[in-house]
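Enquirer: Generate coordinates for the sequence data below:
(2 chains)
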Amino acid sequence: KAGVTQTPRYLIKTRGQQVTLSCSPISGHRSVSWYQQTPGQGLQFLFEYFSETQRNKGNFPGRFSGRQFSNSRSEMNVSTLELGDSALYLCASRQGETQYFGPGTRLLVL
Amino acid sequence: EDKVVQSPLSLVVHEGDTVTLNCSYEVTNFRSLLWYKQEKKAPTFLFMLTSSGIEKKSGRLSSILDKKELFSILNITATQTGDSAVYLCAVVSGNTGKLIFGQGTTLQVKP
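Expert: Below is the predicted model:
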């Protein structure tokens, strides 16, 4: 089976812009979670989607949003980008309690 | 507040040494504990532990969970330079897919 894929892999944006990141889970996996990884805060949970519904949300502002499509692919959107949003954004698809991570999208906000 | 704490935060050893990485947690509605290895890319799954006292083993790596004392250890024997990475411990809380991560232990194995 193919693993979790994320696009794009790298992205440079400027403050105030918005960005959309995409994640395709492992075939057959219906749950997709998003995480932000920064040197200072480590890996932090953003949200989880299952069958097109958000099931859980982390402590991030409303500028961070997501959605999931009927084929389980998920998108994450960040609006009004801030410098502090520069991070590696990881998507994980879940089978049972094990989560498998994609390669991540590295976002740099200038 | 749920939290996962790993120790040590960093470790430098020589090839052939054995290392033990620690992970303690305080989480409501614990379901399972996972270990990941992260090099310069996404975390790769190592182990999932749900039951106390049962050792999971894969080659030179092994891990065990103590649900009474709320901790887990990851052992790596006969370390190699390829073991150099950040090792992440994460706990699944509740019925959803929320993983709570520790800060990670950075392991450097010198030749």
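Enquirer: residue contacts, B:Gln80?
Expert: Counting by Cβ atoms under 8 Å, 6 or more residues apart in numbering or on different chains, B:Gln80 touches B:Glu15, B:Val109. Where C-beta positions appear, they are placed from N, C-alpha and C, glycine not excepted.
Enquirer: make it 6 Å
Expert: B:Glu15 (Cβ atoms under 6 Å, 6 or more residues apart in numbering or on different chains).
Enquirer: And the pLDDT for it?
Expert: B:Gln80 carries a pLDDT score of 97 in this model.
Enquirer: measure it to B:Lys56 for me?
Expert: 20 Å (Cβ to Cβ, to the nearest Å).
Enquirer: Buried by neighbour count: which residues of stretch A:77-95 qualify?
Expert: Of the residues in stretch A:77-95, A:Val78, A:Leu81, A:Asp85, A:Ser86, A:Ala87, A:Leu88, A:Tyr89, A:Leu90, A:Cys91, A:Ala92, A:Ser93, A:Arg94 count as buried by neighbour count, 16 or more other Cβ atoms under 10 Å in any protein chain shown.
Enquirer: Farthest-apart pair in those, please.
Expert: Taking Cβ to Cβ, the two most distant members of the buried residues of stretch A:77-95 are A:Leu81 and A:Arg94; they sit 27.8 Å apart.
Enquirer: who's the residue nearest to the spatial centre of chain A bridged to?
Expert: Centre of chain A computed as the mean C-alpha position; nearest residue by Cα atoms, centre = their mean is A:Trp34, 3.6 Å away. Assessed by DSSP bridges, A:Trp34 has beta-bridge partners A:Phe47, A:Cys91.
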